[in-house]
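Asker: Please find the sequence and the predicted model below.
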Amino acid sequence: MDHPYASYRSLFPVLASKIHLASCSQGAISKTVSEAMEEYLNSLLTTGVNWSQSIQEVEKAKKGFAKLIGAEPNEIAVLGSVSDIFSTIATSLSFEKGKNRIVTTDMDFPTVGHVWLAQRKFGANVSFIPSQQGVIPIEYYERFVTSDTLITSISHICYFNGFKQDIKAIAEIVHRKGSLLFVDAYQSAGQVPIDVKKMDIDILAAGTRKYMLGIPGMAFLYMKTELAEKWKPRVTGWFGQANHSKFDIHQLTPAPGARRFETGTPSFISAYAATAAIRLLLEIGVENISSYLNAD
């Protein structure tokens, strides 16, 4: 019996000799992604400089990711890793008395806890929602998220046991308490349908090297437009400016939308890989991938 996705599986050479049990660390690489990276390298060999083409690939990657999660392209920024994204968001916050609590969980990736704990010296009050037998009961959010919570930071799917959270239900709770919702989607983007509007997510981070079938070096930040316009990042760079080619060292003019969170030149080869990988995911359909993964 042929595999229902035989034609797509044939794009991944490693599957001919190995059984890929999970991609919690690195997703399998397809021929299409490999060819995209070769295109980048060949352009350097033949032209020496491929700046304009590479910038276009970065924009294509943003648009592709925006489509993947139901967002607008101006709500997407690219950074080097999800760790970078968490640090960028954390250092953009002001921890004022009465609204200085950070709520996360003990099932999140260690980076998340490390970044939030590093904010204690700046006035953050960090608390961890405990897990219970490998899950976090939804009612715990009612108990631990309080009126002084500034941001609730959670994972969509837990990195070590696959526990999947009901993001829409959690969003309703934390927003009712006056908190922002920051979702780490590194373990879900590419294999679980995500609609940031329907789920009412304020901020989301995801990287390309796992279920999004890319390579390290590129991560995506989503932030609601109306929220991004209010933030003034303290971690910034020339790509985070309204006109990054103006080269005005005396002016700090944050770019509109999520792009204000960008810093320096992104990894171009990672952008080529991301564009090809996301194109493949959109062609197959994340809904179809999720349905297959959950089939008995």
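Answerer: Sure, I can see it. Note that the structure is a prediction, hence the values are computed from the model and not measured.
Asker: can you tell me how far residue 125 sits from residue 182?
Answerer: 16 Å (C-beta to C-beta, to the nearest Å). C-beta: built from backbone N, CA, C; applies to glycine.
Asker: between those two, which one's more packed in?
Answerer: The residue with more neighbours, out of residue 125 and residue 182, is residue 182; 23 against 16, by other C-beta atoms under 10 Å.
Asker: Secondary structure element holding residue 276?
Answerer: helix 268-284 (DSSP states H and E).
Asker: Same question for that helix: list its buried residues.
Answerer: Buried residues in helix 268-284, defined by neighbour count with 16 or more other C-beta atoms under 10 Å: 268-281.
Asker: Likewise for stretch 178-189?
Answerer: Residues 179-189 are the ones in stretch 178-189 that count as buried (16+ other C-beta under 10 Å).
Asker: shaky segments in the protein?
Answerer: Applying pLDDT under 70 to the chain flags residues 1, 23, 296.
Asker: quick one: the strands in it?
Answerer: 76-79, 101-105, 125-129, 149-155, 180-184, 203-207, 219-223 (DSSP state E).
Asker: Give me the angle between the fourth one and strand 203-207.
Answerer: Right, strand 149-155. For strand 149-155 against strand 203-207, the angle by axes from the mean of the first three to the mean of the last three C-alpha atoms, to 10 degrees is 30 degrees.
Asker: Work out the gap between strand 149-155 and the centre of the chain.
Answerer: Strand 149-155 sits 15 Å away from the centroid of its parent chain (C-alpha atoms, centre = their mean, to the nearest Å).
Asker: Each with direction, which strands does it pair with?
Answerer: Counting by DSSP bridges, the strands paired with strand 149-155 are strand 101-105 (parallel), strand 180-184 (parallel).
Asker: could I get the ones you listed as TSV with distance to residue 168?
Answerer: Formatted as TSV, those follow (distance: least, C-beta to C-beta, whole Å):
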stretch	distance to residue 168
strand 101-105	17
strand 180-184	10
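Asker: related to what we said a few turns ago, let me know the closest of the buried residues of helix 268-284 to residue 210.
Answerer: Using C-beta to C-beta, residue 277 comes nearest to residue 210 of the buried residues of helix 268-284, at 10.7 Å.
Asker: got a list of what the closest one touches?
Answerer: 30, 32-33, 208, 212-214 (C-beta atoms under 8 Å, 6 or more residues apart in numbering).
Asker: which residues touch residue 41?
Answerer: Here residue 41 is in contact with residue 269 (C-beta under 8 Å, 6+ apart).
Asker: swap in residue 267?
Answerer: 80, 217-218.
Asker: switch the cut-off to 10 Å
Answerer: Contact analysis of residue 267 by C-beta atoms under 10 Å, 6 or more residues apart in numbering lists 54, 58, 78, 80-81, 208, 215-219, 273-274.
Asker: ok, now residue 269?
Answerer: 36-41, 44, 54, 57, 215, 217-218.
Asker: Verify the contact between residue 86 and residue 155 for me.
Answerer: No: counting by C-beta atoms under 10 Å, residue 86 does not reach residue 155; the two are 11.5 Å apart.
Asker: Common neighbours of the two, please.
Answerer: Joint contacts of residue 86 and residue 155 (C-beta under 10 Å, 6+ apart) are 108-109, 112, 184, 205.
Asker: for those residues, which one is nearest residue 290?
Answerer: residue 184 (18.2 Å).
Asker: Now residue 115: closest residue in space, sequence neighbours ignored.
Answerer: residue 86 (4.4 Å; C-beta to C-beta, 6 or more residues apart in numbering).
Asker: separation between the one you found and residue 249?
Answerer: In terms of C-beta to C-beta, residue 86 sits 28 Å off from residue 249.
Asker: since we're on the residue nearest to residue 115, how many residues are nearby?
Answerer: 27.
Asker: And for residue 159?
Answerer: For residue 159, the neighbour count with other C-beta under 10 Å is 18.
Asker: In contact with the closest residue to residue 173 other than its chain neighbours, which residues?
Answerer: Nearest-residue entry for residue 173: residue 141, 4.6 Å, with adjacent residues in sequence omitted and distances by C-beta to C-beta, 6+ apart. Contact analysis of residue 141 by C-beta under 10 Å, 6+ apart lists 103, 105, 129, 152, 154, 165-166, 169-174, 177, 179.
Asker: re the thing from before, okay, the shared contacts of residue 86 and residue 155 in a markdown table with distance to residue 291 next?
Answerer: Listed next are the shared contacts of residue 86 and residue 155 as a markdown table, based on distance: C-beta to C-beta, whole Å:
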| residue | distance to residue 291 |
| --- | --- |
| 108 | 27 |
| 109 | 27 |
| 112 | 29 |
| 184 | 24 |
| 205 | 25 |
